[in-house]
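S.K.: What follows is a predicted protein model with its sequence.
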Amino acid sequence: MISVLILLACRPLTAQKGGTILPGEFKKWLGCWSGIQNYNGTIIRKPFSTKAELVVKQLASPNSFQILHIYTRDPNENVADTITISKDGRKLNRGVIKSKRLNKDGVLEIVTEEPGFDHDYSKNAIVRRTYSISKNSYRYTRQVLLQGQADWLDREEFNYAPAQCGEDK
(Lines give C-alpha, C1' and ligand atoms only; values in the text may rest on other atoms or scores of the structure.)
Protein backbone atom coordinates (compact mmCIF):
# COMPACT_ATOMS: atom_id res chain seq x y z
CA MET A 1 0.00 0.00 0.00
CA ILE A 2 2.81 2.43 0.87
CA SER A 3 4.59 1.75 -2.44
CA VAL A 4 1.39 2.59 -4.35
CA LEU A 5 1.10 5.91 -2.51
CA ILE A 6 4.76 6.71 -3.22
CA LEU A 7 4.27 5.95 -6.92
CA LEU A 8 1.21 8.21 -7.06
CA ALA A 9 3.05 11.02 -5.28
CA CYS A 10 5.98 10.81 -7.73
CA ARG A 11 3.86 10.83 -10.86
CA PRO A 12 5.27 13.63 -13.07
CA LEU A 13 2.15 14.34 -15.10
CA THR A 14 -1.35 15.36 -14.25
CA ALA A 15 -3.35 13.90 -17.12
CA GLN A 16 -6.98 13.94 -18.08
CA LYS A 17 -8.27 11.84 -20.92
CA GLY A 18 -10.84 13.93 -22.73
CA GLY A 19 -10.27 16.82 -20.32
CA THR A 20 -11.80 20.25 -20.26
CA ILE A 21 -10.14 23.62 -20.71
CA LEU A 22 -10.81 26.83 -18.84
CA PRO A 23 -9.97 30.20 -20.43
CA GLY A 24 -7.68 31.05 -17.49
CA GLU A 25 -5.39 28.16 -18.44
CA PHE A 26 -4.41 30.08 -21.58
CA LYS A 27 -3.16 33.17 -19.68
CA LYS A 28 0.48 32.11 -20.05
CA TRP A 29 -0.07 31.98 -23.81
CA LEU A 30 -1.10 35.65 -24.11
CA GLY A 31 1.50 38.02 -25.53
CA CYS A 32 4.15 37.96 -28.24
CA TRP A 33 6.18 35.01 -29.47
CA SER A 34 8.95 34.53 -32.03
CA GLY A 35 9.95 31.31 -33.73
CA ILE A 36 9.94 28.95 -36.67
CA GLN A 37 7.08 27.34 -38.56
CA ASN A 38 7.94 24.05 -40.26
CA TYR A 39 5.72 22.63 -42.97
CA ASN A 40 6.42 19.02 -43.85
CA GLY A 41 6.63 17.98 -47.45
CA THR A 42 3.54 16.54 -49.03
CA ILE A 43 2.50 15.43 -52.49
CA ILE A 44 1.42 18.99 -53.30
CA ARG A 45 4.29 21.02 -51.84
CA LYS A 46 7.91 20.75 -50.81
CA PRO A 47 8.86 21.06 -47.15
CA PHE A 48 9.80 24.53 -45.99
CA SER A 49 10.42 26.57 -42.85
CA THR A 50 9.84 30.22 -42.19
CA LYS A 51 10.49 32.61 -39.34
CA ALA A 52 7.38 34.05 -37.80
CA GLU A 53 6.09 36.06 -34.91
CA LEU A 54 2.90 35.30 -33.09
CA VAL A 55 0.66 37.64 -31.13
CA VAL A 56 -1.99 36.08 -28.89
CA LYS A 57 -4.74 38.28 -27.43
CA GLN A 58 -7.89 37.52 -25.51
CA LEU A 59 -10.99 38.78 -27.33
CA ALA A 60 -14.08 40.34 -25.74
CA SER A 61 -15.51 36.88 -25.13
CA PRO A 62 -13.50 35.25 -22.32
CA ASN A 63 -13.55 31.95 -24.27
CA SER A 64 -12.03 33.39 -27.48
CA PHE A 65 -8.44 34.22 -28.39
CA GLN A 66 -7.02 35.89 -31.49
CA ILE A 67 -3.77 34.53 -32.90
CA LEU A 68 -1.98 36.76 -35.39
CA HIS A 69 0.72 34.99 -37.42
CA ILE A 70 3.22 37.61 -38.64
CA TYR A 71 5.53 36.31 -41.34
CA THR A 72 8.87 38.04 -41.66
CA ARG A 73 9.41 37.03 -45.31
CA ASP A 74 6.11 38.20 -46.76
CA PRO A 75 3.90 40.49 -44.64
CA ASN A 76 1.09 40.08 -47.19
CA GLU A 77 0.66 36.49 -45.99
CA ASN A 78 -0.01 37.40 -42.34
CA VAL A 79 -2.94 35.40 -40.99
CA ALA A 80 -5.32 35.98 -38.07
CA ASP A 81 -6.94 32.94 -36.46
CA THR A 82 -9.40 32.66 -33.62
CA ILE A 83 -9.43 29.86 -31.10
CA THR A 84 -12.64 29.47 -29.15
CA ILE A 85 -13.15 27.26 -26.13
CA SER A 86 -16.63 25.74 -26.09
CA LYS A 87 -18.92 26.70 -23.21
CA ASP A 88 -18.49 23.26 -21.63
CA GLY A 89 -14.68 23.41 -22.14
CA ARG A 90 -14.57 20.13 -24.10
CA LYS A 91 -13.66 21.60 -27.51
CA LEU A 92 -11.19 24.02 -29.06
CA ASN A 93 -12.94 25.31 -32.16
CA ARG A 94 -14.38 22.08 -33.65
CA GLY A 95 -11.73 19.80 -32.17
CA VAL A 96 -12.76 17.54 -29.32
CA ILE A 97 -10.23 17.56 -26.49
CA LYS A 98 -8.81 14.04 -26.38
CA SER A 99 -6.31 14.69 -23.61
CA LYS A 100 -4.99 17.42 -21.40
CA ARG A 101 -1.97 17.17 -19.15
CA LEU A 102 0.30 19.41 -17.13
CA ASN A 103 3.86 18.15 -16.74
CA LYS A 104 6.25 18.85 -13.86
CA ASP A 105 7.86 21.73 -15.81
CA GLY A 106 4.54 23.55 -16.12
CA VAL A 107 3.90 22.72 -19.78
CA LEU A 108 0.20 22.39 -20.53
CA GLU A 109 -0.39 19.96 -23.40
CA ILE A 110 -3.79 19.82 -25.08
CA VAL A 111 -4.56 17.31 -27.84
CA THR A 112 -7.66 17.73 -30.02
CA GLU A 113 -9.06 15.64 -32.84
CA GLU A 114 -11.74 16.31 -35.42
CA PRO A 115 -12.94 14.83 -38.70
CA GLY A 116 -11.38 16.52 -41.72
CA PHE A 117 -10.07 16.07 -45.23
CA ASP A 118 -6.53 15.63 -46.52
CA HIS A 119 -6.11 17.48 -49.82
CA ASP A 120 -2.85 15.71 -50.69
CA TYR A 121 -4.48 12.30 -50.83
CA SER A 122 -8.06 13.47 -51.44
CA LYS A 123 -9.23 11.35 -48.52
CA ASN A 124 -11.22 11.86 -45.37
CA ALA A 125 -8.96 12.06 -42.34
CA ILE A 126 -8.85 12.72 -38.65
CA VAL A 127 -6.97 15.94 -37.87
CA ARG A 128 -5.01 15.98 -34.62
CA ARG A 129 -3.74 19.24 -33.16
CA THR A 130 -1.38 19.35 -30.20
CA TYR A 131 -0.84 22.58 -28.27
CA SER A 132 2.04 22.67 -25.75
CA ILE A 133 2.01 25.92 -23.80
CA SER A 134 4.25 27.23 -21.01
CA LYS A 135 5.66 30.59 -19.95
CA ASN A 136 8.87 29.82 -21.89
CA SER A 137 7.63 28.05 -25.01
CA TYR A 138 4.70 27.39 -27.29
CA ARG A 139 4.65 24.42 -29.67
CA TYR A 140 1.88 23.49 -32.08
CA THR A 141 1.71 20.38 -34.25
CA ARG A 142 -0.87 19.23 -36.77
CA GLN A 143 -1.11 15.63 -37.92
CA VAL A 144 -3.57 13.72 -40.10
CA LEU A 145 -4.70 10.11 -40.02
CA LEU A 146 -5.99 9.11 -43.43
CA GLN A 147 -9.11 6.99 -43.61
CA GLY A 148 -8.11 3.32 -43.59
CA GLN A 149 -4.53 4.01 -42.42
CA ALA A 150 -2.85 3.29 -39.09
CA ASP A 151 -0.02 5.86 -39.10
CA TRP A 152 -0.33 9.58 -38.41
CA LEU A 153 1.27 11.92 -40.98
CA ASP A 154 3.01 15.08 -39.71
CA ARG A 155 1.86 18.23 -41.50
CA GLU A 156 2.99 21.25 -39.45
CA GLU A 157 5.13 22.06 -36.44
CA PHE A 158 5.47 25.55 -34.99
CA ASN A 159 7.96 26.34 -32.21
CA TYR A 160 7.99 29.70 -30.43
CA ALA A 161 9.74 31.43 -27.54
CA PRO A 162 8.49 34.57 -25.74
CA ALA A 163 9.34 37.86 -27.43
CA GLN A 164 8.95 41.56 -26.72
CA CYS A 165 5.78 43.07 -28.13
CA GLY A 166 6.26 46.06 -30.39
CA GLU A 167 4.19 49.22 -29.99
CA ASP A 168 1.89 48.20 -32.86
CA LYS A 169 0.98 44.79 -31.38
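M.R.: Ah, there it is. Numbering: from 1, shown residues only.
S.K.: For residue 95, see how far away the residue nearest in space to the middle of the chain is.
M.R.: Nearest to the mean C-alpha position of the chain, by C-alpha atoms, centre = their mean, lies residue 131 at 2.6 Å. Residue 131 is 10 Å from residue 95, where distance means C-beta to C-beta, to the nearest Å. Where you see a C-beta, it was placed from the backbone N, CA and C, and this is true even at glycine.
S.K.: shared neighbours of these two, anything?
M.R.: residue 112 (C-beta atoms under 8 Å, 6 or more residues apart in numbering).
S.K.: The residue nearest to residue 20 when sequence neighbours are not counted in helix, strand or coil?
M.R.: Nearest residue to residue 20 in three dimensions, chain neighbours excluded: residue 89, at 3.5 Å (C-beta to C-beta, 6 or more residues apart in numbering). Three-state assignment for residue 89 (DSSP: H, G, I helix; E, B strand; the rest coil): coil.
S.K.: Start the count at 601 instead of 1 going forward.
M.R.: I'll keep to 601 as the first residue from here, and by that count the last item is residue 689.
S.K.: residues touching residue 689, list them.
M.R.: By C-beta under 8 Å, 6+ apart, the contact list for residue 689 reads 620, 621, 622, 697.
S.K.: Residue 729 bridge partners, please.
M.R.: Residue 729 has these beta-bridge partners by DSSP bridges: residue 712, residue 742.
S.K.: My error: substitute residue 723 in the last question.
M.R.: Per DSSP bridges, the residues bridged to residue 723 are residue 718.
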